[in-house]
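Q: Here's my sequence, what's the structure:
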Amino acid sequence: MAPDIEEAEPLANTATTSSPNNPIVKPKSDPVLATCRCFSFVTVVASLLCIIANVFSAIRSFRNGYDIFDGIFRCYAVVIAVFVIVAETEWSFVTKFWKVLEYWAGRGMLQIFVAVMTRAYPDTYAERHEILLLQDIASYTLLACGLIYVVSGVLCLGFLKRARQNKEVSAQQAVKDLQELERRRAELEALLIVDTP
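A: Here you go, the predicted model:
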């Protein structure tokens with residue numbers, strides 16, 4: 001009896017709305033995964049703000065000749081911030097080559113590094129307060145995201161998220177299989193109705 005319960009468990013998180021001919025089964029959204037997606041979106045936005053701040057600072061450094069090294073430093077910050085965004089997509093190609101980005105503590109350290117790079121050399125553009133304000137907002141937001149990632153990684157919340165994702169994928173597959181079976185049943189019923197005299 002226990003195997004039946006385990007097999008039926010992925011369907012326990014589904015809501016069914018059915019009509020007489022076409023049943024519709026939709027999986028319920030997992031609140032943990034929804035929270036992780038929202039947090040990932042905030043992290044991507046903070047990384048984009050860091051990219052914008054560093055691009056403006058690099059352009060200003062190269063154009064006005066303030067400091068070539070600061071411009072190069074800002075270019076590196078942009079490249080690493082792009083890695084932060086790519087890590088948030090959890091693309092298997094990236095995690096295959098950079099295993100450290102699969103773990104939340106590794107992502108958090110990378111985000112903290114980008115935040116520190118964005119905040120570096122704050123007094124260079126004392127007359128441009130909007131660039132300084134953008135740098136502050138971007139760096140402190142990404143720093144907070146990085147700290148949350150590090151703490152969550154230490155608490156092994158990444159494993160919880162991956163387990164929930166696997167459960168969600170299996171539930172979605174079960175829903176697809178059920179819809180396919182219902183479609184086949186409707187086709188067979190239609191054939192039986194046509195064949196009966």
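Q: Can you spell out which helices and strands pack onto the helix or strand harbouring Glu189?
A: Per DSSP states H and E: Glu189 is located in helix 157-195. Identification of packing neighbours for helix 157-195 by 3 or more Cβ pairs under 8 Å, 6 or more residues apart in numbering; DSSP states H and E yields strand 14-18, strand 23-27, helix 31-64. Where C-beta positions appear, they are placed from N, C-alpha and C, glycine not excepted.
Q: Let me see the mean pLDDT of stretch 131-145.
A: The average pLDDT within stretch 131-145 is 88.
Q: contacting residues around that stretch?
A: Identification of contacts with stretch 131-145 by Cβ atoms under 8 Å, 6 or more residues apart in numbering yields 39, 42-43, 45-47, 49-50, 52-53, 56-57, 60, 84, 108, 111-112, 114-116, 118-119, 122, 125-126.
Q: Swap in 6 Å and give it another go.
A: 43, 46, 49-50, 53, 56, 111-112, 114-115, 118-119, 125 (Cβ atoms under 6 Å, 6 or more residues apart in numbering).
Q: export it as CSV, just CAs?
A: The C-alpha trace of stretch 131-145 is given here as CSV (Å, rounded to 0.1, in the frame of the first residue of the first chain):
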residue,chain,number,x,y,z
ILE,A,131,26.2,58.1,-10.6
LEU,A,132,27.2,57.8,-7.0
LEU,A,133,23.5,57.3,-5.9
LEU,A,134,23.1,54.6,-8.6
GLN,A,135,26.3,52.9,-7.4
ASP,A,136,25.1,53.0,-3.8
ILE,A,137,21.6,51.6,-4.6
ALA,A,138,23.0,48.9,-6.9
SER,A,139,25.9,47.8,-4.7
TYR,A,140,23.9,47.7,-1.4
THR,A,141,21.0,45.8,-3.0
LEU,A,142,23.3,43.2,-4.5
LEU,A,143,25.3,43.0,-1.3
ALA,A,144,22.1,42.2,0.6
CYS,A,145,21.2,39.6,-1.9
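Q: Please determine how far Arg184 is located from Asn64.
A: 70 Å (Cβ to Cβ, to the nearest Å).
Q: which helices and strands does the helix or strand Val78 falls within pack with?
A: Using DSSP H and E, the element containing Val78 is helix 68-88. The contact analysis (3 or more Cβ pairs under 6 Å, 6 or more residues apart in numbering; DSSP states H and E) places helix 68-88 against helix 31-64, helix 104-119.
Q: Quickly, which of these bottoms out on average pLDDT?
A: Within those, confidence is poorest for helix 31-64, with a mean of 86 (mean pLDDT).
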